[in-house]
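>>> Return a 3D structure for these sequence lines:
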Amino acid sequence: ILLLLLLIFNCSIAALQDPEVNMTAPEIIRYWGYPMEEHFATTEDGYILGLHRIPTGRDGSAYSPNRPVVFMQHGLESDSSNWIANPPDQSAGFVFADAGFDVWLGNMRGNTYSKASICIFRNTIAIESSWDEMQMYDLPAMIDYVLGQTNSSSLYYIGHSQGTLTMFSRLSLDPAFGSKF
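Predicted coordinates for the structure are as follows:
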């Protein structure tokens, strides 16, 4: 019982010291005073992928329809919160937004923000999908969605771990895909 009480106490202290500990990515973005938009892209094989957009920096004054677009893809077994996990001066998502970029944070199938499917029988994403489906369907769907929403012909891409793997794999199979970056 003492161990359980100690564990509960430590978790409570952590939540007091770091209010973000139980927040979602959209909540973290808003917590730090940034504008946030949730978007959804549907893949050719029917998965609905969540994207988080930080369209301007914290002050919003630098908004311009011609802001350069940067797309950030998380690593293995993770989600878009990787790019906003630290304070604004230490998180790539916030740093790029404050530097004048239109920031888009992608989420591959199977994570917290991309579990849905338009087919009721396909909601076993984690079991039946691999990085091969991610490079074949997820990455093109998200990139094309972002380019369409921003009316841009190209964007900057930053991938971490699996985010890099899926991009290199996609480019090796479809070199023309590289014209979007």
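
>>> Going along the chain, name the helices of this structure.
Here the chain has its helices, by DSSP state H, at 2-17, 25-31, 92-98, 125-128, 131-133, 139-150, 162-173.

>>> where among these is the average confidence lowest?
Of all those, the minimum mean pLDDT falls on helix 125-128 (a mean of 53).

>>> residue contacts, residue 145?
Neighbouring residues of residue 145 by C-beta atoms under 8 Å, 6 or more residues apart in numbering: 39, 41, 51. Heads up, the C-betas are built off the backbone N, CA and C, glycines and all.

>>> wait, the first one sits on residue 50?
By that I understand residue 39. Yes: using C-beta atoms under 8 Å, residue 39 makes contact with residue 50 at a distance of 7.5 Å.

>>> Those two: who's more crowded?
It is residue 50, of residue 39 and residue 50, that has more neighbours when counted by other C-beta atoms under 10 Å, with 23 against 14.

>>> Name the nearest residue to that one, sequence neighbours excluded.
Counting by C-beta to C-beta, 6 or more residues apart in numbering, residue 113 is the residue found nearest to residue 50 once chain neighbours are left out, at 3.3 Å.

>>> from what I can see the one you found touches residue 107, true?
Yes: Residue 113 is within contact range of residue 107, at 4.1 Å (criterion: C-beta under 8 Å).

>>> intersection of neighbour lists for these two?
49-50, 52, 79-80.

>>> Go through those and flag which are in strands.
Mapping those onto strands (DSSP state E) picks out 49-50, 52.

>>> For those, could you give me JSON lines that also reports pLDDT?
Below are those laid out as JSON lines (pLDDT from 0 to 100):
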{"residue": "49", "pLDDT": "95"}
{"residue": "50", "pLDDT": "96"}
{"residue": "52", "pLDDT": "98"}
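
>>> May I see these arranged in JSON lines, with distance to residue 101 as well?
As requested, these are exported to JSON lines (distance: C-beta to C-beta, whole Å):
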{"residue": "49", "distance to residue 101": "21"}
{"residue": "50", "distance to residue 101": "20"}
{"residue": "52", "distance to residue 101": "14"}
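
>>> Closest one of those to residue 24?
residue 52 (9.4 Å; C-beta to C-beta).

>>> Excluding covalently adjacent residues, which one is nearest to that closest one?
residue 105 (4.3 Å).

>>> ok, now which ones touch the one you found?
25, 51-54, 72, 74, 80, 83-84, 93.

>>> what are the bridge partners for it, then?
For residue 105, the beta-bridge assignment (DSSP bridges) gives partners residue 52, residue 72.

>>> could the contacts of residue 145 go into JSON lines alongside distance to residue 101 and pLDDT?
Listed next are the contacts of residue 145 as JSON lines, based on distance: C-beta to C-beta, whole Å; pLDDT from 0 to 100:
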{"residue": "39", "distance to residue 101": "16", "pLDDT": "98"}
{"residue": "41", "distance to residue 101": "19", "pLDDT": "96"}
{"residue": "51", "distance to residue 101": "15", "pLDDT": "97"}
